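**Student:** Predicted coordinates and the sequence they were generated for:
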Amino acid sequence: MKLQHHLGGIENLGPVNTEKRVFVEPWEQRIFGIHTVMMAESAHLSDAPHRYPVDTLPTAFKSNWTWASLRTGAEDMQPFEYFKYRYYEKWLGGISQFFVDQGYVSAEELAEKTAHYSAHPDAPLPDRPNAELAAQIDAYLQNGDSGYHALDGAARFRAGDTVRIADPEAVDHTRLPGYLRNKIGVVDLAYPGAFSYFVSTGVDGIGAPMPVYRVAFDAASIWGPGKSEPNTTIYADLYEAYIQAAD
Amino acid sequence: MSQLFEFSDDREASSAARVRALEALLIEKGVIATDSVDVVLKHFETMAGPFNGAKIVARAWVDPDYARRLVEDTPKAIAELSLPLGMTGAEGEHMAAVANDANVHNLIICTLCSCYPWPVLGLPPYWYKDPVFRARGVREPRAVLQEFGVQVPATKEVKVWDSSAQIRWFVVPERPANTEHLSEEELAALVTPESMMGVALVEAPAA
């Protein structure tokens, strides 16, 4: 069981942070950018509906890198460290580790280069622009990476159905918010079509194309009437693997 | 335990050097190019950002038929406007709008990560990504909204939208009173990212 899967609903955390900036330190922009370039170069995009030419891109990057990669890393963190580090600090840790683990860079050269830029913060980056990569990044940002598929067969549930949310075995990565496990909701909408996820989550159940439902939950039925605010409805989009008949 | 929450004195400088080192090595190894990160950042300055969402909201305010179409079929309604390319692009492949009104206040959240409608709102602000907002927003949305300065009366329903699958949600806030004299462009200038996520109301300009 992972704390990160059960964030929704944790009590006693104190006031929210109302910081409105996206980046609170200039360096954060760079790690956001690196992550987004990796998504635009990800090998899996050759099979995406948009048929990006990633096979022939002039890049040494030959791995899959999607939101699932980043999320799995964040969900795998020591839970207190997850709370300790700021958003982009987590990204920097996860992405650096990925490049080391996959052999793109060694820990030693990363340490050496970090020492260099610590001593010379204004030292320039190597000068190797690439228009073909730039075009792919723009194409990816403009066309995206949808998991939509035509639905083969019928969706199991319809709007108005009362459903029970599944409680699958906890694995590395999930798209089922923990606070909804075993709860009763009402299907508000069966989205047209079916949706795949970037990776298979194994016994958790998502990956292959399946219907997705918008399910409505009375907040009092989730938190208990004494622990809930009045007149509140929670909606979540849930893959069919997470939905059971309420019986 | 206590050591776990200690930071080094050069916390930001060391992250800055590390990310610079990573970017330099990735360029040297041919993984990315010198201009790659800047291409991404430029997209969020010129193509994808809250400036698009503000135009969509302002149109919904001046055209009730458009407001209805926007909620019924969000991508189609967005495509009616002259916005930059990429309105169904990354993190906007499947967007949906929900409208505040006299009876309903909507709040968008992502309890598992930080899903956000990039084409119309750009990148998520810090508050949206913070674990405390994500933890508390689904349990006590009214208390959270109060901390943002928004009072929602008990008679008004609060709808919380947890972005857990393909849909990226955004809110059409209520048009502030006494703005009848404003043009669509002037109205758009009032709309903030926070109001399009449901943690702020749109204020009329001071008279």
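**Tutor:** It's in. Numbering: from 1, shown residues only, chains lettered A, B, ... in the order given.
**Student:** Now do the helices in chain B.
**Tutor:** B:11-28, B:36-46, B:50-62, B:64-72, B:74-80, B:118-121, B:126-129, B:131-136, B:141-147, B:184-188 (DSSP state H).
**Student:** Let me have those in JSON lines, extended by mean neighbour count and distance to residue A:74.
**Tutor:** C-beta coordinates here come from the backbone N, C-alpha and C atoms, glycine included. Output for these, formatted as JSON lines (neighbours: other CB atoms under 10 Å in any protein chain shown; distance: least, CB to CB, whole Å):
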{"stretch": "helix B:11-28", "mean neighbour count": "21", "distance to residue A:74": "17"}
{"stretch": "helix B:36-46", "mean neighbour count": "19", "distance to residue A:74": "20"}
{"stretch": "helix B:50-62", "mean neighbour count": "22", "distance to residue A:74": "25"}
{"stretch": "helix B:64-72", "mean neighbour count": "15", "distance to residue A:74": "32"}
{"stretch": "helix B:74-80", "mean neighbour count": "17", "distance to residue A:74": "28"}
{"stretch": "helix B:118-121", "mean neighbour count": "27", "distance to residue A:74": "19"}
{"stretch": "helix B:126-129", "mean neighbour count": "22", "distance to residue A:74": "11"}
{"stretch": "helix B:131-136", "mean neighbour count": "23", "distance to residue A:74": "10"}
{"stretch": "helix B:141-147", "mean neighbour count": "19", "distance to residue A:74": "22"}
{"stretch": "helix B:184-188", "mean neighbour count": "15", "distance to residue A:74": "35"}
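**Student:** can I get these in JSON lines with mean pLDDT and distance to residue A:171?
**Tutor:** Below are those laid out as JSON lines (pLDDT from 0 to 100; distance: least, CB to CB, whole Å):
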{"stretch": "helix B:11-28", "mean pLDDT": "98", "distance to residue A:171": "29"}
{"stretch": "helix B:36-46", "mean pLDDT": "98", "distance to residue A:171": "31"}
{"stretch": "helix B:50-62", "mean pLDDT": "98", "distance to residue A:171": "35"}
{"stretch": "helix B:64-72", "mean pLDDT": "98", "distance to residue A:171": "36"}
{"stretch": "helix B:74-80", "mean pLDDT": "98", "distance to residue A:171": "32"}
{"stretch": "helix B:118-121", "mean pLDDT": "98", "distance to residue A:171": "28"}
{"stretch": "helix B:126-129", "mean pLDDT": "98", "distance to residue A:171": "24"}
{"stretch": "helix B:131-136", "mean pLDDT": "98", "distance to residue A:171": "21"}
{"stretch": "helix B:141-147", "mean pLDDT": "98", "distance to residue A:171": "29"}
{"stretch": "helix B:184-188", "mean pLDDT": "98", "distance to residue A:171": "44"}
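**Student:** Next, format these as a markdown table and append distance to residue A:125.
**Tutor:** What follows is the helices of chain B, written out as a markdown table (distance: least, CB to CB, whole Å):
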| stretch | distance to residue A:125 |
| --- | --- |
| helix B:11-28 | 5 |
| helix B:36-46 | 9 |
| helix B:50-62 | 29 |
| helix B:64-72 | 42 |
| helix B:74-80 | 36 |
| helix B:118-121 | 25 |
| helix B:126-129 | 26 |
| helix B:131-136 | 32 |
| helix B:141-147 | 41 |
| helix B:184-188 | 37 |
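**Student:** Can you tell me which of the ones you listed is nearest to residue A:41?
**Tutor:** Nearest to residue A:41, of all the helices of chain B, is helix B:36-46, at 8.7 Å by CB to CB.
**Student:** So what touches the closest one?
**Tutor:** Contacts of helix B:36-46 with the rest of the structure, by CB atoms under 8 Å, 6 or more residues apart in numbering or on different chains, involve A:29-30, A:32-34, A:36-37, A:40, A:130, A:133-134, A:137-138, A:141, B:23, B:84, B:86, B:118, B:122-123.
**Student:** run the last query once more with 7 Å
**Tutor:** A:29-30, A:33-34, A:36-37, A:133-134, A:137-138, A:141, B:23, B:122-123 (CB atoms under 7 Å, 6 or more residues apart in numbering or on different chains).
**Student:** Repeat that for stretch B:178-190.
**Tutor:** Contacts of stretch B:178-190 (CB under 7 Å, 6+ apart): B:54-55, B:58-59, B:61-62, B:176, B:202-205.
**Student:** 8 Å instead, please
**Tutor:** B:51, B:54-55, B:57-59, B:61-62, B:175-176, B:202-205, B:207.
**Student:** What ranges does chain A have for its strands?
**Tutor:** A:148-149, A:162-165, A:184-190, A:194-195, A:212-218, A:232-239, A:243-245 (DSSP state E).
**Student:** Quick one: mark the members of the contacts of helix B:36-46 that sit in helices.
**Tutor:** A:29-30, A:33-34, A:36-37, A:133-134, A:137-138, A:141, B:23.
**Student:** Please convert these to CSV, extending it with distance to residue A:97.
**Tutor:** Formatted as CSV, the ones in helices among the contacts of helix B:36-46 follow (distance: CB to CB, whole Å):
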residue, distance to residue A:97
A:29, 20
A:30, 17
A:33, 18
A:34, 13
A:36, 18
A:37, 17
A:133, 23
A:134, 27
A:137, 23
A:138, 28
A:141, 25
B:23, 16
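**Student:** So which of these is the closest to residue A:198?
**Tutor:** For the ones in helices among the contacts of helix B:36-46, the nearest to residue A:198 is residue A:36 (14.9 Å; CB to CB).
**Student:** tell me the contacts of that closest one?
**Tutor:** Counting by CB under 8 Å, 6+ apart, residue A:36 touches A:137, A:141, B:40, B:90.
**Student:** I'd like to know how many residues surround the last one.
**Tutor:** Using other CB atoms under 10 Å in any protein chain shown, residue B:90 has 23 neighbouring residues.
**Student:** I figured it hits residue A:144, correct?
**Tutor:** Yes: with contacts counted by CB atoms under 8 Å, residue B:90 reaches residue A:144, the gap being 4.5 Å.
**Student:** Tell me if I'm right that residue B:170 and residue B:108 touch.
**Tutor:** Yes: contact criterion CB under 8 Å: residue B:170 and residue B:108 qualify, at 6.5 Å.
**Student:** what sits in contact with each of these two?
**Tutor:** Counting by CB under 8 Å, 6+ apart, the shared contacts of residue B:170 and residue B:108 are residue B:197.
**Student:** Endpoints of stretch B:176-190, how far apart?
**Tutor:** As for stretch B:176-190, its first-to-last residue distance stands at 9 Å under the measure CA to CA, to the nearest Å.
**Student:** now stretch A:140-157
**Tutor:** 33 Å.
**Student:** Kindly report the same for stretch A:196-205.
**Tutor:** End-to-end distance for stretch A:196-205: 11 Å, by CA to CA.
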